[in-house]
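Novice: got a sequence here, can you build the structure:
(one chain, ligands or ions: 1)
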Amino acid sequence: MKTLIINGSPRKNGDSMTLVNEIIKHLDGEVKIVNTYFDDIAPCNDCRYCWTNYGCSINDEMQEVYRLLNEVDNVILASPLYFSELTGKLLSFSSRLQIYYTVKKMQKKVDFRLNKKNAVLVITGGGNGGPAPAIERAKIIFGLVNAKLVGTVLSLKTDTLPAGKHIEAMKQAREFAQMLNLQSEKCLK
Ligand SMILES: Cc1cc2nc3c(=O)[nH]c(=O)nc-3n(C[C@H](O)[C@H](O)[C@H](O)COP(=O)(O)O)c2cc1C
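Specialist: Numbering: from 1, shown residues only. Have a look, this model is predicted:
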């Protein structure tokens, strides 16, 4: 089983990564992490190469992510809330997923699909500003990469209760990891 983790937090050992690490601890198979704050992934510049070609003209680390997105069994998106949204860096990363929209809408390859995968969303917040916009945006991202959301881990009072001490969120993290393991076993049978 292969899992791609997309981390939208600048804090390498922050709340979001604490929950992601709890998932990883209980997850079978290989894991690859994309750190949107540190990896060399430029935003989409609307050059429109993808209107007529499959793929993206920008030659950076996103090329490897495109390859993985057609190979992995799971994708995990993790982000702190910034003004109730996914972080700007995660949205910047997500702009590069536009190729999966244009291949269908501009190139009219309406049957185009990446391989099917399962998704888990991890959202953390200090306690001011709710998660609804971020969850909506994450659902659009999962749709683009043909991922079915199987669970959302929420820790929304991190100013007073760090994610690592949020018993329910840590439990959800473990349970969703186990759910992904089970789904993968079912597929192998
Ligand atoms: C610029 C900025 C905006 C934020 N906006 C929100 C918000 O709208 N709602 C909220 O609950 N927390 C908000 N927070 C708090 C973070 O989401 C919270 O501290 C989170 O646990 C950090 O996660 P991390 O350690 O994974 O980066 C904001 C923090 C920053 C720096």
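
Novice: could you use CA atoms for every contact and neighbour count after this?
Specialist: Noted.

Novice: ok, Tyr54 touching Ile99?
Specialist: Yes. Tyr54 lies in contact with Ile99 (C-alpha atoms under 8 Å); the separation is 7.1 Å.

Novice: and those two? Which one has more around it.
Specialist: Ile99 (22 against 13; other C-alpha atoms under 10 Å).

Novice: pretty sure that one is touching Cys56, no?
Specialist: Yes. Under the criterion of C-alpha under 8 Å, Ile99 makes contact with Cys56 at 6.8 Å.

Novice: shared neighbours of the two, anything?
Specialist: Residues within reach of Ile99 and of Cys56 at once, by C-alpha atoms under 8 Å, 6 or more residues apart in numbering, are Cys50.

Novice: element containing Val75?
Specialist: strand 74-80 (DSSP states H and E).

Novice: neighbouring contacts of stretch 32-45?
Specialist: With C-alpha under 8 Å, 6+ apart, stretch 32-45 has contacts from 2-10, 58, 60-62, 89-90, 92-93, 95-96, 98.

Novice: now a ChimeraX select for only the buried ones of those.
Specialist: For the buried members of the contacts of stretch 32-45, the matching ChimeraX selection, counting by 16 or more other C-alpha atoms under 10 Å, is:
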select :2,3,4,5,6,7,8,9,10,58,62,89,90,92,93,95,96,98
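
Novice: restrict the helix or strand of the chain with the lowest mean pLDDT to CA atoms and write it as CSV.
Specialist: Using mean pLDDT, DSSP states H and E, helix 167-188 stands out as the lowest-scoring helix or strand of the chain, at a mean of 91. Written as CSV, here are the backbone C-alpha positions of helix 167-188 (Å, rounded to 0.1, in the frame of the first residue of the first chain):
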residue,chain,number,x,y,z
ILE,A,167,-7.5,12.2,22.9
GLU,A,168,-10.4,12.0,20.4
ALA,A,169,-8.4,13.4,17.5
MET,A,170,-5.4,11.0,18.2
LYS,A,171,-7.9,8.1,18.4
GLN,A,172,-9.5,9.2,15.0
ALA,A,173,-6.0,9.3,13.5
ARG,A,174,-5.3,5.7,14.5
GLU,A,175,-8.7,4.5,13.5
PHE,A,176,-8.5,6.1,10.0
ALA,A,177,-5.1,4.5,9.5
GLN,A,178,-6.5,1.2,10.3
MET,A,179,-9.5,1.8,8.0
LEU,A,180,-7.1,2.5,5.1
ASN,A,181,-5.2,-0.7,5.9
LEU,A,182,-8.4,-2.7,5.8
GLN,A,183,-9.6,-1.1,2.6
SER,A,184,-6.3,-2.0,1.0
GLU,A,185,-6.6,-5.7,2.2
LYS,A,186,-10.1,-5.9,0.8
CYS,A,187,-8.7,-4.7,-2.6
LEU,A,188,-6.0,-7.4,-2.6
